[in-house]
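# fold the following for me, if possible:
(chains A, B, C and D)
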Protein chains: 2
Amino acid sequence: MARAGLTTERLTQAGAELADEVGFDQVTVSALARRFDVKVASLYSHLKSSQDLKTRIALLALEELADRAADALAGRSGKDALTAFANVYRDYAHEHPGRFDAARFRLDPEAAAAGAGGRHAQMTRAILRGYDLSEPDRTHAVRLLGSVFHGYVSLELAGGFSHSAPDSQESWSRALDALDALLRNWPAP
Amino acid sequence: MARAGLTTERLTQAGAELADEVGFDQVTVSALARRFDVKVASLYSHLKSSQDLKTRIALLALEELADRAADALAGRSGKDALTAFANVYRDYAHEHPGRFDAARFRLDPEAAAAGAGGRHAQMTRAILRGYDLSEPDRTHAVRLLGSVFHGYVSLELAGGFSHSAPDSQESWSRALDALDALLRNWPAP
DNA sequence: GTGCGATTCCTAATCCATTTAGGCAAATAA
DNA sequence: TTATTTGCCTAAATGGATTAGGAATCGCAC
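Next up is the predicted model:
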């Protein structure tokens, strides 16, 4: 019987594709086995558990996202950087809804720390170098930006802004304008 | 054999409590049956499916949230209203993490429309009456506020801001200050 | 109070996902 | 080639979701 060539990486990758197709919470060890035309138990040589699979998909998504963001930030600053960074999030979410959902998966703190978690915060900080903020305001701003990106895209993906004018794209642009204005004019406590 | 007195409402209520205790995605028809000391199949006279149960919990949470928000907004305006509204969200999420998670559940559009979905947007609009914004900027602002509230609280609940200074409460306050400043000084396109 | 229909809950069975244990065969190394 | 490791399999236990059909209980009319 020919071997299927399973590895943890291939399984994670295929799991990510599956997530994009059927939704992250529909990702199941069984479905993955079907996709490789292999018996379910075989996957357990490569994955600790169903939870393990999901965690790996989440970490993959975080890495991909961080890679894209790093790319987008190169050579940009100020509002240009802000916009580019934000659009990486939004575009990624639209291209890979399942992965994006995965990226919001509750990770055990150790897994999050080991993975790309820190890179994201670091890049958000980098964007703020283009604005005149010092600690602790810079941290507050990092958290606010993260909240807006995560929140807006989540609501949009959940269908919150469809079926109503104005266009979501328009609101997104204006939200970025607003954030830029806010960062240039951050209020004193 | 004495009857347990099951009704759809009691099941939904108990499901919400269960969600707060063990997490929304751990809410299961079986667990609910155990809680009522009743066989699983019995619940299917009151619930269409597991999905149905989750949808009901989500709608319950949205209603509770809308009720609290309406209460908090009464007699307030401007930043006062903004802060009160925002704190309702955050407090509710901390008191009832499972329900809050449920409120972010992907609802079929019909269920969302039938439920309290519209009340939330309406109240957010009401807050903005205290600021000088006209359409379509008001809608953009509604979406931005919703994104921040949802995003911040989600990230906070996921543990994103713990284990690092400054305190999350501090960032939350400063974020509200910032939003207030932004709304008073909304940038032109 | 007795009887009747409707409702509530149960038994039983099926299906599907997760997970572990132990075995045979294929790839790799000696 | 033989020995060893590794990859995938069969088999089986556990537990949730769901449906069909049966029995107990309740509310109400007589």
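# which strands and helices lie in contact with the helix or strand of chain A with the lowest mean pLDDT?
Scoring the helices and strands of chain A by mean pLDDT, DSSP states H and E places helix A:109-114 at the bottom, with a mean of 71. Contact analysis of helix A:109-114 by 3 or more C-beta pairs under 8 Å, 6 or more residues apart in numbering or on different chains; DSSP states H and E lists helix A:50-73 as its packing neighbours. Yep, even glycine has a C-beta here, placed from its N, CA and C like the rest.
# what is the helix it packs on packed up against?
With contacts taken as 3+ C-beta pairs under 8 Å, 6+ apart, helix A:50-73 sits against helix A:8-22, helix A:29-36, helix A:78-95, helix A:97-103, helix A:109-114, helix A:117-128.
# in TSV, list those along with distance to residue B:12.
Compiled in TSV, the helices and strands packed on helix A:50-73 are given as follows (distance: least, C-beta to C-beta, whole Å):
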stretch	distance to residue B:12
helix A:8-22	28
helix A:29-36	30
helix A:78-95	31
helix A:97-103	25
helix A:109-114	33
helix A:117-128	36
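# make a markdown table from these and add distance to DNA strand D and mean neighbour count to it.
Converted to a markdown table, the helices and strands packed on helix A:50-73 look like this (distance: least, C-beta to the nearest atom of the strand, whole Å; neighbours: other C-beta atoms under 10 Å in any protein chain shown):
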| stretch | distance to DNA strand D | mean neighbour count |
| --- | --- | --- |
| helix A:8-22 | 9 | 18 |
| helix A:29-36 | 7 | 16 |
| helix A:78-95 | 28 | 18 |
| helix A:97-103 | 20 | 23 |
| helix A:109-114 | 23 | 13 |
| helix A:117-128 | 29 | 18 |
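# nearest to residue B:10, of the ones you listed?
When the helices and strands packed on helix A:50-73 are compared by C-beta to C-beta, helix A:97-103 sits nearest residue B:10, at 31.9 Å.
# what mean pLDDT does that closest one have?
Averaging pLDDT along helix A:97-103 gives 95.
# return that helix as CSV; C-alpha atoms alone will do.
Output of helix A:97-103 as CSV, limited to C-alpha atoms (Å, rounded to 0.1, in the frame of the first residue of the first chain):
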residue,chain,number,x,y,z
PRO,A,97,-11.6,33.7,6.3
GLY,A,98,-11.0,30.4,7.9
ARG,A,99,-7.4,31.1,8.6
PHE,A,100,-8.3,34.6,10.0
ASP,A,101,-10.8,33.0,12.3
ALA,A,102,-8.1,30.6,13.3
ALA,A,103,-5.8,33.5,14.1
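# returning to that earlier point: contact partners of the least confident helix or strand of chain A?
A:55, A:58-59, B:159, B:163 (C-beta atoms under 8 Å, 6 or more residues apart in numbering or on different chains).
# and that helix, C-alpha only, in PDB?
What follows is helix A:109-114, C-alpha atoms only, in PDB (Å, rounded to 0.1, in the frame of the first residue of the first chain):
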ATOM      1  CA  PRO A 109      -0.300  31.400  26.400                       C
ATOM      2  CA  GLU A 110       2.800  29.300  25.800                       C
ATOM      3  CA  ALA A 111       1.800  28.600  22.200                       C
ATOM      4  CA  ALA A 112       1.000  32.200  21.600                       C
ATOM      5  CA  ALA A 113       4.300  33.400  23.000                       C
ATOM      6  CA  ALA A 114       6.200  30.800  21.000                       C
END
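# check contacts around residue A:180.
Going by C-beta under 8 Å, 6+ apart, residue A:180 touches A:78-79, A:82, B:187.
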